[in-house]
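> sequence first, then the predicted structure, then my questions.
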Amino acid sequence: MSDFRISADAIDQAAELAALEDAASGAAVCFCGRVRNHNEGRVVVRLEYECYEELAVSEGARVLAEARERFGASRVLCVHRTGDLAIGDAAVWVGAAAAHRNEAFAAARYVIDEVKKRVPIWKREHYPEGPAEWINAAPSEA
Amino acid sequence: MSDFRISADAIDQAAELAALEDAASGAAVCFCGRVRNHNEGRVVVRLEYECYEELAVSEGARVLAEARERFGASRVLCVHRTGDLAIGDAAVWVGAAAAHRNEAFAAARYVIDEVKKRVPIWKREHYPEGPAEWINAAPSEA
Amino acid sequence: MRVRIDYFAVLRERAGTAHETLDTGAATPRELYRELRERRPLPPETGLKVAVNDEFRHWDWALADGDRVAFMPPVAGG
Amino acid sequence: MRVRIDYFAVLRERAGTAHETLDTGAATPRELYRELRERRPLPPETGLKVAVNDEFRHWDWALADGDRVAFMPPVAGG
């Protein structure tokens, strides 16, 4: 299984943690991004994630390889959800293992930052009232 | 139960993660420090942790309160092992939840750094040959 | 030449379709997108991303017959 | 006055005991530790920490009858 995965099913953090374990690594850092019940002052009731899967998987794998190389991390994993998510659901999970904590923190932080910038995934927020909105959508025809 | 705990039993990361969950928090960062099979060039076969429990619990709670206050984290937890640990065993676990990832990363990093500097816990490494050694031990009588 | 076009997220909604196949004389994704905008209510290309055959490419990448060209809004995962 | 003394980690090993109770005229942890070093093979106080009644205190903290005084090497958790 690839170290970067797109999943239509709930993220199983216990399984991800088990995959991260490595006796040579003294430090593991995990990041979990969840659907919040608010964003930029609006109440959010659920989210939808859409993905360009072929490109997401190859770009995601590049991000993980960069994190391993730059920070000497021994293992770096990421899984990102697609589909309909409820409040509190995990949308993305990153795990990084390294000999020391500096490298593990830096690698995990790098992965989530780069995934958010580079991996082709989009989210649409649903509100109690009014139409759902794509986040970071392209500007309207001006 | 206090947010900072000393545990003679194995750390249950799934239970710790469950305690960290919070629908208002978009980001959670966890750090896990494990017993490595090497340290400063020597092979390590197991570790022993000793603790001054009354003071560790009060100082640990202060560290967590500082992390919540400085970084606006909504929840910060830490558990540290005592007793005999084998290679790969989790020695310390930190979890920090916040609205955004900057704060969650900063809070988790602060906690592990301060715990290692301030909380009265000591470890003794055991090697394949030769006597076990206390790490950071006071200098010998010179 | 014939290309397959994929639209994602808000572009899919604006285009009214996720995929189409088109006979075109466009030499680059930029030319292709301008041609598409004449027929569909798509936003200007500023800020959008393009992929050809599942790799991110420049807007001036040379297209070939049979290519799969994808147009995407700015990413918003996490 | 009478104090209880706790030794941790390498200090416990050097002292050969985890606890002891002592009648002393020492007014501060510093004076107390110097007195203890006359009887036990303890290292110099440089780098060590002291707690009185389960709180970190200065070496010149004023001791009182019944205090619990703990001597510790530099911490090494994590």
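Arrived safely, thanks for sending. Numbering: from 1, shown residues only, chains lettered A, B, ... in the order given.
> the one helix or strand in chain A whose mean pLDDT sits lowest near chain B anywhere?
When each helix and strand of chain A is scored by mean pLDDT, DSSP states H and E, strand A:38-39 comes last, with a mean of 86. Yes. Strand A:38-39 reaches chain B (Cβ under 8 Å from any Cβ of the partner chain) through A:H38. Quick note: C-beta positions are derived from backbone N, CA and C, even for glycine.
> which SSE is immediately downstream of that strand?
Toward the C-terminus, strand A:38-39 is succeeded by strand A:42-43 as the next helix or strand (DSSP states H and E).
> and the least confident helix or strand of chain A, how far from the chain's centre?
In this view, strand A:38-39 has its centroid 18 Å away from the chain centroid, taken as Cα atoms, centre = their mean, to the nearest Å.
> that strand close to chain C?
No. Counting by Cβ under 8 Å from any Cβ, chain C is not contacted by strand A:38-39; separation bottoms out at 11.4 Å.
> partners of that strand, with directions?
Based on DSSP bridges, the pairing partners of strand A:38-39 within the sheet are strand A:42-43 (antiparallel).
> which strands and helices sit next to whatever helix or strand comes next after the strand it pairs with?
Beyond strand A:42-43 on the C-terminal side, the first helix or strand identified by DSSP H and E is strand A:46-51. The contact analysis (3 or more Cβ pairs under 8 Å, 6 or more residues apart in numbering or on different chains; DSSP states H and E) places strand A:46-51 against strand A:75-81, strand A:83-86, strand A:121-126.
> now do 10 Å
strand A:4-7, strand A:75-81, strand A:83-86, strand A:90-98, strand A:121-126 (3 or more Cβ pairs under 10 Å, 6 or more residues apart in numbering or on different chains; DSSP states H and E).
> among these, which is nearest chain B?
strand A:90-98 (8.7 Å; Cβ to the nearest Cβ).
> tell me the angle the closest one makes with strand A:75-81.
Interaxial angle, strand A:90-98 versus strand A:75-81 (axes from the mean of the first three to the mean of the last three Cα atoms, to 10 degrees): 180 degrees.
> just how off-centre is strand A:90-98 within its chain?
So, by Cα atoms, centre = their mean, the centroid of strand A:90-98 is 7 Å from its chain's centroid.
> the following helix or strand past that strand vs strand A:90-98, what angle?
With elements assigned by DSSP H and E, the helix or strand that comes after strand A:90-98 is helix A:101-118. Here helix A:101-118 runs at an angle of 140 degrees relative to strand A:90-98 (the same axes, to 10 degrees).
> just give me how far helix A:101-118 sits from the chain centre.
Worked out by Cα atoms, centre = their mean, helix A:101-118 lies 10 Å from the chain centre.
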